[in-house]
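**Student:** Only the shape, not the letters, is given here:
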């Protein structure tokens, strides 16, 4: 009953497609690593102004997260409209929360 | 409760059936029973509050007990009465309305209920174990940290457990609506109640995590010595206020939006007209939900966020009046020129419109940041939120119970008693709360256990208390009505109201546990009504008769919830004596063990065979 | 059981994780759950942002954090995200053995990450006396990073449970959605870590 599942019976077209997608994943992984290294180097070298570093590393984090969502988690594909709506809804609420606690909380 | 469905079974079998059920209709019964129980508790607490305030300097209860009463009244009514009853109504009606056989995650549905139930019980155990929470339902960190005893700990753990259940319910409804609509049931053909369920579930999904975090922070501070709110170590109590209201404001829309949907269905059905402005209604609901997330700081105008923040939140608050106004006018326009039947469900809906509108207007008044400094923490605020929550949510729940009782239990609630309930409640409600606007404007602060003589507050408070008793009579009559209906009520056909939507298109009343033998084909908005106007009177099947796949029942949700309940006690008392670690670890082990069993054991459900379905038809 | 045959079809569909209604439900349910988790972590991040300079008399973030270990942890978790992508690639090609291998590597990387985190926490506690109770900053730091660590731990139990439970029976339409939901969850944990290393460690170092 179980042994018939371990044989490869995927049609070649689909296999090719999966392979191309894997290539894209590798490229996005490489870019993520590059972004991470840049962020760490900037901070470790203390070569830039604080006002400049913080927005820069946050933008790089956002781009990395975009790669995760759109490539690794396939958010770009069809059938992901509802997940995208809910993630963006969550992101919107997250931004409001961060604004509240980061900006208008004081004594 | 469901006499018709289970009268042939013994009590033990019925109990086991309800403990293990994953059927959305039975879970709805459980939610209604649980929510009804806590509604009575919350109502008794309200009566204690009103008796204490019947005359100046009364000594019916002590100051400390009064604080416990107001806290538990608010907490119980919002988390343990209103929300579960709403989840019950959603469970009862939504899957039928969209033409589904069950919800997407039947197991989670049952787990959600039992978590709510045991969370609520945990919270109420505090009454017998050294005193209930006394920090107000908002439990602001400043007093919540200094409150002696374990009251607040019960609040934290009880709400944490109940809140987890609600979050599961929300995700479950979302997936159900996205994935399991019947053929032809596009989004823009869904009844407004289903739309409201969808949007409410979105609000639950995004609002409850903030509460989860807030409760964790409070728990860590009280039980594990962290310093989030401890100013001496750099903590900040305003964080609690923000997190609580980031959850708390969407929460009030979670309480009202399902009823907006329900009223839309009721008005359309009993006016024999298509809902006026369906599209506008859908988008108004979305807009309310969207804006509802951006107004939480209007609860914090007096905290000192600064004029810019206050202005932004004041404007956003007032903007919500626009979509709400759209809804009010659409309901009026639905009734305009319709062939109106006035029965109990319709009476509650009609009573809702002016009542809620008054609450909405005081809402706009409170939304003005400058004026709010005067109203803040007075009875004006108390009057406002009772007008919207009772006038909207409770009126809506009564309307929904009268409307869907035949579908849920196969019997129609007695009309005469229904009308007595309505009139006593309506009059009692306005007596209780209308006068409180003026008490507030005269300067009576909320949450004080006594007021002094000869300050112009005596008569108003007396009237308010009399009104509360009228509401109590109304609720008693309603419960008599339930018992009477269960025993002798008029048996209902599957479609007693000449309905328009799919929940009235089932074959029997109450519906069979698989809901639809063949999924119906939906050809437009108000699908059953379309078939009726075209002379067919019943839905066309969208599929040939075939095997139906159904989920297996399970006792695991019940045991898992007991595990968390026990662990809750462990967390609360672990600081007092090390033996309580046994409860903590034991309870968690029980709960996680159930989770592991559920994960590792395959559960494929079962099939109802085509032949059985055919036999049943005879 | 009779259902097993329908779950082990002769030819696997292209997307085994979304071929059944249960699979589709699990897929959406997990995504929606992640939407809620976004707000959960945002609340924790917000709390951290509000309290990150409230070190009382204890050590501050600049004194505490070293970038080397954090960089290592980041690379470990990012790589584990890639390996779980490989696992899903082999799932789509219906190659169960390779999928298990890549999932195993994912689990090892996760365990390595967790070990680093435990080492880091004990280091702060023993070397600096910096605990959950020393200041509001301490509470916020351990809560935020600890919640993430808790998610990693839960994910590891989930993954190992899945691998052992299904080791003998191979891939079918009943368990494919389970593997897929796990991988989505694992990516999300990585997403949260990206913000943790940026907001907590890098910004903490910048000041």
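**Tutor:** Now that the structure is in, tell me what you want to look at. The model shown is predicted, which means the values in this text are computed figures rather than measured ones.

**Student:** okay, residue B:209: pLDDT?
**Tutor:** Here, the pLDDT recorded for residue B:209 equals 96.

**Student:** dump the residue contacts of it.
**Tutor:** The contact partners of residue B:209, taken as Cβ atoms under 8 Å, 6 or more residues apart in numbering or on different chains, are B:167, C:36, C:37, C:39, C:40, C:43. (Glycine included, C-beta is placed from N, CA and C.)

**Student:** before we move on, what about residue B:158?
**Tutor:** B:119, B:120, B:122, B:123, B:124, B:126, B:568.

**Student:** how about CSV for those residues, with pLDDT, neighbour count and distance to chain A added?
**Tutor:** Listed next are the contacts of residue B:158 as CSV, based on pLDDT from 0 to 100; neighbours: other Cβ atoms under 10 Å in any protein chain shown; distance: Cβ to the nearest Cβ, whole Å:
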residue, pLDDT, neighbour count, distance to chain A
B:119, 97, 26, 24
B:120, 97, 26, 26
B:122, 97, 24, 28
B:123, 96, 27, 26
B:124, 96, 19, 31
B:126, 96, 25, 30
B:568, 96, 26, 27
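
**Student:** Just the closest of those residues to residue C:207, please.
**Tutor:** residue B:568 (41.2 Å; Cβ to Cβ).

**Student:** For that closest one, list the residues it contacts.
**Tutor:** B:119, B:122, B:157, B:158, B:160, B:161, B:587.

**Student:** try it again with 10 Å
**Tutor:** Under the criterion of Cβ atoms under 10 Å, 6 or more residues apart in numbering or on different chains, the neighbours of residue B:568 are B:118-119, B:121-123, B:125, B:153-154, B:156-158, B:160-161, B:583-584, B:587.

**Student:** ok, back up a step: the contacts of residue B:158 in helices, which ones?
**Tutor:** Cross-referencing these against helices under DSSP state H gives B:119, B:120, B:122, B:123, B:124, B:568.

**Student:** Serialize those residues to TSV and add fields for distance to residue B:357.
**Tutor:** Shown next, in TSV, are these (distance: Cβ to Cβ, whole Å):
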residue	distance to residue B:357
B:119	34
B:120	32
B:122	38
B:123	34
B:124	35
B:568	41
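
**Student:** give me phi/psi at residue 63?
**Tutor:** Looking at chain A here, since you left the chain open. phi -60, psi -40 (degrees, to the nearest 10).

**Student:** Quick check, it in contact with residue A:71.
**Tutor:** No: taking contacts as Cβ atoms under 10 Å, residue A:63 lies outside contact range of residue A:71: 11.7 Å.

**Student:** higher neighbour count, those two?
**Tutor:** Higher neighbour count among residue A:63 and residue A:71: residue A:71, with 21 against 14, using other Cβ atoms under 10 Å in any protein chain shown.

**Student:** Please look at the more buried one and residue A:32 and confirm they touch.
**Tutor:** Yes: if you go by Cβ under 10 Å, residue A:71 and residue A:32 touch, sitting 9.4 Å apart.

**Student:** what does the stretch 401-550 of chain B have sitting close to chain C?
**Tutor:** residue B:549 (Cβ under 10 Å from any Cβ of the partner chain).

**Student:** so what's residue B:411 closest to, chain neighbours aside?
**Tutor:** Excluding the flanking residues, the one nearest residue B:411 by Cβ to Cβ, 6 or more residues apart in numbering or on different chains is residue B:489, at 3.8 Å.

**Student:** Ignore what I typed, I meant residue C:55.
**Tutor:** residue C:137 (4.5 Å).

**Student:** what pLDDT does the one you found get?
**Tutor:** In this model, residue C:137 carries a pLDDT of 95.

**Student:** pretty sure residue B:588 contacts residue B:564?
**Tutor:** Yes: counting by Cβ under 10 Å, residue B:564 is a contact partner of residue B:588 at 7.9 Å.

**Student:** Looking at the two, which one has more neighbours?
**Tutor:** residue B:564 (25 against 16).

**Student:** Please pull up the helix or strand immediately following the helix or strand where the more buried one lies.
**Tutor:** Taking DSSP states H and E as the criterion, residue B:564 maps to helix B:556-573. Later in the chain than helix B:556-573, the nearest helix or strand by DSSP H and E is helix B:580-600.

**Student:** helices or strands up against the next helix or strand along the chain from that next one?
**Tutor:** Under the assignment DSSP H and E, the closest C-terminal helix or strand after helix B:580-600 is strand B:606-608. Using 3 or more Cβ pairs under 10 Å, 6 or more residues apart in numbering or on different chains; DSSP states H and E, the elements in contact with strand B:606-608 are strand B:548-550.

**Student:** so what strands line up beside the strand it packs on?
**Tutor:** strand B:606-608 (antiparallel) (DSSP bridges).

**Student:** Pick out the residue in chain B sitting closest to chain C.
**Tutor:** The minimum distance from chain B to chain C, using Cβ to the nearest Cβ, falls at residue B:234 (2.8 Å).

**Student:** residues contacting that residue?
**Tutor:** B:227-228, C:51-58, C:134-140.

**Student:** what do you get for residue B:49?
**Tutor:** B:60, B:61, B:66, B:69, B:70, B:73, B:447, B:449, B:465, B:468 are the contacts of residue B:49 under Cβ under 10 Å, 6+ apart.

**Student:** Please convert the residues you listed to CSV, extending it with pLDDT, secondary structure and distance to residue B:344.
**Tutor:** Converted to CSV, the contacts of residue B:49 look like this (pLDDT from 0 to 100; DSSP: H, G, I helix; E, B strand; the rest coil; distance: Cβ to Cβ, whole Å):
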residue, pLDDT, secondary structure, distance to residue B:344
B:60, 96, coil, 34
B:61, 96, coil, 35
B:66, 96, helix, 35
B:69, 96, helix, 31
B:70, 96, helix, 31
B:73, 97, helix, 26
B:447, 92, coil, 35
B:449, 94, coil, 37
B:465, 97, helix, 27
B:468, 97, helix, 22
